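Undergrad: Dropping the sequence and predicted coords here.
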Amino acid sequence: IKSGKLVSAEYAKLSRPVKLRFLYEYIQSLDLDYDYKKICEIYDFIEKNIGQRNGSTMSLASALWLYADEKTVETIPPKKKTESDRNFELLVDGEGDYQTPDKKLSVKKYVEKDLFLFPEATSSFAYVDFSNVEFPLSLRFRREGDVISPFGMTGTMKLKKYLNAKGVARHNRDSILLLC
């Protein structure tokens, strides 16, 4: 278990009895009282979905879901984003550090001659070619109808379709900050 998530590849290596015992103890740790039949349903759900790129969810209790895909198996707690969280927007007017309610983003000027590592998807910094950008930019969460022009692609595509193609779990899509 890493960061409260079960790594699917490690789970797949376990024998069926160990998986069932693990699921029983995991369900107990969530203060849920399930019988053997329900634990077997959860086991079957995980087995079916740990090979899936985009995964699926299963209800465990009111407002508590189980998510499984090829990377992780995790519980999804109730969403607590308020309207102000969904409408969060911070203006970015150049190079520097920008603080959001729970994260910090560093914007660095990209200079073509500089050698740099392309940021990982989980990085908290972005290189920006200031010559191609009209400031101020906006740091915000996704909205219905957002479009993106991915690197190396001509034209645009819907952000929702892009995130789906990249295998980003549905329950994580609304928590990704975008620099627009």
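TA: Yep, it's here.

Undergrad: now this protein, which segments are flagged as low pLDDT?
TA: Applying pLDDT under 70 to the chain flags residues 1-4, 79-86, 112-128, 151-152.

Undergrad: ranges for the strands of this structure?
TA: Listed in chain order, the strands of the chain (DSSP state E) span 6-7, 56-61, 64-68, 72-76, 89-92, 96-99, 104-109, 125-128, 137-141, 147-148, 157-158, 177-179.

Undergrad: buried set for the third one?
TA: Right, the one you point to is strand 64-68. 65, 66, 67, 68 (16 or more other CB atoms under 10 Å). C-beta here means a position set from N, CA and C on the backbone, and glycine is covered the same way.

Undergrad: Spatially, which residue comes closest to the second one, not counting chain neighbours?
TA: Nearest in space to residue 66, with sequence neighbours left out and distances taken as CB to CB, 6 or more residues apart in numbering, is residue 58 at 4.7 Å.

Undergrad: which residues does that neighbour contact?
TA: Contacts for residue 58 (CB atoms under 8 Å, 6 or more residues apart in numbering) come out as 42, 45, 65, 66, 68.

Undergrad: Looking at those, which is nearest residue 105?
TA: Ranked by distance to residue 105 (CB to CB), those are led by residue 65 at 28.7 Å.

Undergrad: now the helices for this structure?
TA: Counting by DSSP state H, one finds helices in the chain at the ranges 8-12, 16-29, 36-49, 83-86, 159-165, 170-173.

Undergrad: Tell me which residues are up against the fifth one.
TA: Outside of helix 159-165, the residues within contact range by CB under 8 Å, 6+ apart are 54, 142, 146, 147, 148, 150, 173, 176, 178.
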